[in-house]
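> What follows is a predicted protein model with its sequence.
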Amino acid sequence: MAPVVRACMPLPTPPAAVASSSAAPSTDAQRRSPGARVLVLGGTGRAGGSTATALSKLRPDLSILIAGRNREKGQSLASKLGDQSEFAQVDICNTSMLEEALNDVDLVVHAAGPFQRENECTVLQAAIATKTAYIDICDDTDYSWRAKGFHEQAKACGVPAITTAGIYPGVSNVMAAELVHAARSEDAGEPERLRFFYYTAASGGAGPTILATSFLLLAEDVIAYNKGEEIKLKPYSGALSIDFGKGARKKDVYLLNSPEVKSAYKVLGMPTVSARFGTAPFFWNWGMQAFANFLPVVCLTPQIMLYQVTLSVPEIKEI
């Protein structure tokens with residue numbers, strides 16, 4: 001019997017692959033550090049703010065520009081991080097404003113989600129145009145593979161670019177790759193199945209945008225792979241009870257459309273791949289199923305979902 005590879009982790013955000021488009025840094029890029037300047041888009045959000053804070057602690061010499069819609073919140077975070085940080089007003093939908101901001105930095109971190117329903121990789125294209133190193137925390141399958149389509153362009157311009165580099169997808173892909181490599185190294189036969197299981201309570205401390213992402217995914221067919229064939233499944237179906245170990249114990253998880261599934265199939269060569277997610281309290285899963293089964297797709301837009309989730313934030317924080 002072929003070995004089964006499973007990647008299980010109780011993590012702080014809802015679902016979704018490491019898809020990367022990269023090239024060797026140019027000589028100019030190599031000379032820019034230390035004292036480099038980093039622009040964090042979505043820096044007033046939970047994920048972007050945490051990224052800016054972590055970068056500040058890891059490299060105190062970095063100059064960090066925190067960009068976001070909330071000036072008061074951005075300036076407050078910048079003051080906490082110290083003299084090396086400041087707030088920048090940047091509209092990612094305004095190409096000229098975006099390119100002007102990127103011309104003045106060495107790296108842009110794109111954390112301004114949600115990435116669902118975005119038809120253009122505006123920030124990535126601006127980064128390539130200005131020859132600015134790029135990284136994002138995208139968690140959407142279509143967006144991540146659209147970004148990978150710029151691989152040759154980024155390479156030709158000498159722009160290091162990485163998409164889908166968050167926790168999951170991102171770190172989860174690295175874990176999966178390690179598991180697959182280990183299975184293949186044990187001479188136990190070629191692994192045939194890879195399953196991703198995620199569990200988190202509410203937003204897991206990752207903010208309202210992550211919850212909006214989860215609801216938006218309920219409007220998408222789940223893409224999975226079975227023995228090398230792509231299959232489409234109903235979102236938040238196919239419940240399984242998974243033991244996440246000490247603390248979380250057994251939790252129910254449900255199918256969702258996640259980028260790591262496609263990349264595991266294409267990059268790791270796994271013939272059977274799927275991803276499931278579950279949340280707490282348990283009755284929230286019932287709500288997610290109801291959304292998937294009865295709410296019209298037209299109601300599941302980024303704007304509507306962000307508004308609805310924002311109204312729920314006070315209750316979410318109690319969990």
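Ah, there it is.
> all contacts plus neighbour counts: C-alpha atoms, from now on.
Fine.
> Could you break this protein into its assigned domains?
4-15+172-316, 19-163 (automatic domain parsing).
> least reliable of these going by mean pLDDT?
Across those, domain 4-15+172-316 has the smallest mean pLDDT, namely a mean of 80.
> Surely Val159 is in contact with Thr132?
Yes - the pair Val159 and Thr132 qualifies as a contact (C-alpha atoms under 8 Å) at a distance of 6.3 Å.
> what about Ala156, how many neighbours?
By the criterion of other C-alpha atoms under 10 Å, Ala156 has 11 neighbours.
> So it versus Ser76, what's the distance?
39 Å (C-alpha to C-alpha, to the nearest Å).
> repeat for Gly35
From Gly35 over to Ser76 (counting by C-alpha to C-alpha), the distance is 22 Å.
> Kindly report the same for Ser241.
Counting by C-alpha to C-alpha - Ser241 and Ser76 are separated by 43 Å.
> now swap in Ala67 and tell me
Taking C-alpha to C-alpha, one finds Ala67 at 12 Å from Ser76.
> And Leu41, by the same measure?
Distance from Leu41 to Ser76, by C-alpha to C-alpha: 16 Å.
> Do you have the strands of the protein handy? List them.
4-9, 19-21, 37-41, 63-67, 85-88, 107-110, 133-136, 161-163, 193-201, 222-226, 229-233, 240-243, 250-255, 272-280 (DSSP state E).
> How about Ala177, nearest residue that isn't a chain neighbour?
Nearest residue to Ala177 in three dimensions, chain neighbours excluded: Leu268, at 6.9 Å (C-alpha to C-alpha, 6 or more residues apart in numbering).
> wait, that neighbour sits on Glu178?
No - counting by C-alpha under 8 Å, Leu268 stays clear of Glu178, with 10.3 Å between them.
> With respect to Phe150, which of the strands of the chain lies nearest?
Phe150 sits nearest to strand 19-21 of all these, at 7.1 Å, using C-alpha to C-alpha.
> just checking, Phe291 touches Leu218?
Yes - at 7.0 Å, Phe291 and Leu218 qualify as touching, with contact defined as C-alpha under 8 Å.
> So Val109 versus Glu120, what's the distance?
For Val109, the distance to Glu120 - C-alpha to C-alpha - is 17 Å.
> Between the two, tell me which one has more neighbours.
Applying other C-alpha under 10 Å to Val109 and Glu120 shows that Val109 carries more neighbours, namely 24 against 13.
> returning to what we had before: Ala67 and Ser76: which is more packed in?
Ala67 (29 against 14).
> Can you name the residues that contact the more buried one?
39-44, 74, 87-90 (C-alpha atoms under 8 Å, 6 or more residues apart in numbering).
> same thing but at 10 Å, please
With contact taken as C-alpha atoms under 10 Å, 6 or more residues apart in numbering, Ala67 is in contact with 39-45, 48-49, 74-75, 86-92, 101, 110-112.
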